[in-house]
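Trainee: this is a predicted model, with the sequence first.
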Amino acid sequence: MLKILALGNSFSTDCTTYLDRIGKDLYVRNLFIGGCSLERHAKNLLEGLPHYQLQAQGVPVQEASVSAAALFCADEWDFITVQQASGVSGMQESFDPHLDVVLGYIRRLCPSAKILWHQTWAYATYSTHPEFVNYGKDQAQMWKQIEACSHRAVREKQLDGIIETGKAIQALREQLTPDGTELCRDGFHLSLDYGRYAGAYVWAKYFGAACTDFVPDGADEARIAKIRHIIDKI
């Protein structure tokens, strides 16, 4: 069984909620703070702050908040994912020196874990998120910058891989928008049915997990099959 820990925010919640229901033999936990940026992750690690909600399948698994360092040491993780806050995920100047701090802690505390970059997605074209102005309220421009920043981070920081959720969501938007909302529920978070399924399916494929026939409540099986088909071809 692969053990996966996400150091993230609500975007990692979106992608991990269905992950161990879609992919077999995956043990998945998410360290959650809403909107958490690399800068805040770095501060939390430097100061040992217990500000994270530990999640499984998108819900807390304990009442008390935890520190990221404590969770790094709590198990033998096979993979740890890192990501930038969505609004600045395409702004290169927001990465350093914070990413170096985060990676330094992970490499010291979890030397055997592979570190992956989680590539987030651009906002819906109709999004009213205040940070959409960083990209001129242009989805294509936001996606272009996210793609460039994510691959640069993987290359320059010598990470072990990249989970290209953003690429998959953009491809689905171009070829299929099954719920009419560009796979979002509010202009930036993934929809609870097809959006979250797509995100988790990308992750399950990355980890080489055998996939189940899980379908979210209210989702159409034929549309789920189309989503899988499009992602399989990327």
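Mentor: Thanks, I have it. Numbers count the residues shown, from 1 in each chain.
Trainee: give me the mean pLDDT for stretch 181-188.
Mentor: Averaged across stretch 181-188, the pLDDT comes to 94.
Trainee: can you give me the end-to-end distance of it?
Mentor: Using Cα to Cα, to the nearest Å, one end of stretch 181-188 lies 10 Å from the other.
Trainee: would you mark the buried spots in it?
Mentor: Of the residues in stretch 181-188, Thr181, Glu182, Leu183, Cys184, Arg185, Phe188 count as buried by neighbour count, 16 or more other Cβ atoms under 10 Å. Bear in mind the C-beta positions are built from the backbone N, C-alpha and C, glycine included.
Trainee: contacts for stretch 197-209?
Mentor: 2, 4, 14-19, 21-26, 79, 116, 161, 163-165, 168-169, 172, 183, 190, 211, 215-216, 219, 224, 227-228, 231-232 (Cβ atoms under 8 Å, 6 or more residues apart in numbering).
Trainee: please repeat the previous calculation with a cut-off of 6 Å.
Mentor: Outside of stretch 197-209, the residues within contact range by Cβ atoms under 6 Å, 6 or more residues apart in numbering are 2, 14-15, 18-19, 22-24, 26, 163, 165, 168, 172, 190, 211, 216, 227, 231.
Trainee: same question, stretch 88-101
Mentor: By Cβ under 6 Å, 6+ apart, the residues outside stretch 88-101 that reach it are Leu38, Glu39, Ala42, Thr120, Met142, Gln145, Ile146, Cys149.
Trainee: quick check: phi and psi at Arg173.
Mentor: phi -60, psi -40 (degrees, to the nearest 10).
Trainee: do you know how far the residue lying closest to it once chain neighbours are set aside is from Gln55?
Mentor: Spatial nearest neighbour of Arg173, excluding adjacent residues (Cβ to Cβ, 6 or more residues apart in numbering): Glu182 at 5.4 Å. Relative to Gln55, Glu182 is positioned 25 Å away (Cβ to Cβ, to the nearest Å).
Trainee: beta partners for the nearest residue to Ala56 once chain neighbours are set aside?
Mentor: Nearest-residue entry for Ala56: Arg29, 5.9 Å, with adjacent residues in sequence omitted and distances by Cβ to Cβ, 6+ apart. As for beta bridges, Arg29 partners with Leu5 under DSSP bridges.
Trainee: my read: Arg29 touches Leu5, true?
Mentor: Yes: contact criterion Cβ atoms under 6 Å: Arg29 and Leu5 qualify, at 5.2 Å.
Trainee: those two - which one has more neighbours?
Mentor: Between Arg29 and Leu5, counted using other Cβ atoms under 10 Å, the more crowded position is Leu5 (26 against 20).
Trainee: go ahead and confirm that one touches Ile80.
Mentor: Yes: in this structure, Leu5 is within contact of Ile80 by Cβ under 6 Å, at 4.9 Å.
Trainee: quick one: mean pLDDT for the longest helix belonging to the chain?
Mentor: The longest helix of the chain (DSSP state H) is helix 139-156. Helix 139-156 carries an average pLDDT of 98.
Trainee: and after it, which helix or strand comes next?
Mentor: Following helix 139-156 in sequence order, the next helix or strand is strand 161-163 (DSSP states H and E).
Trainee: contact partners of that following strand?
Mentor: By Cβ under 6 Å, 6+ apart, strand 161-163 touches Leu116, Trp117, His118, Gln119, Val154, Trp203, Tyr206.
Trainee: could you give the average pLDDT over it?
Mentor: 98.
Trainee: can you check stretch 47-62 too?
Mentor: 97.
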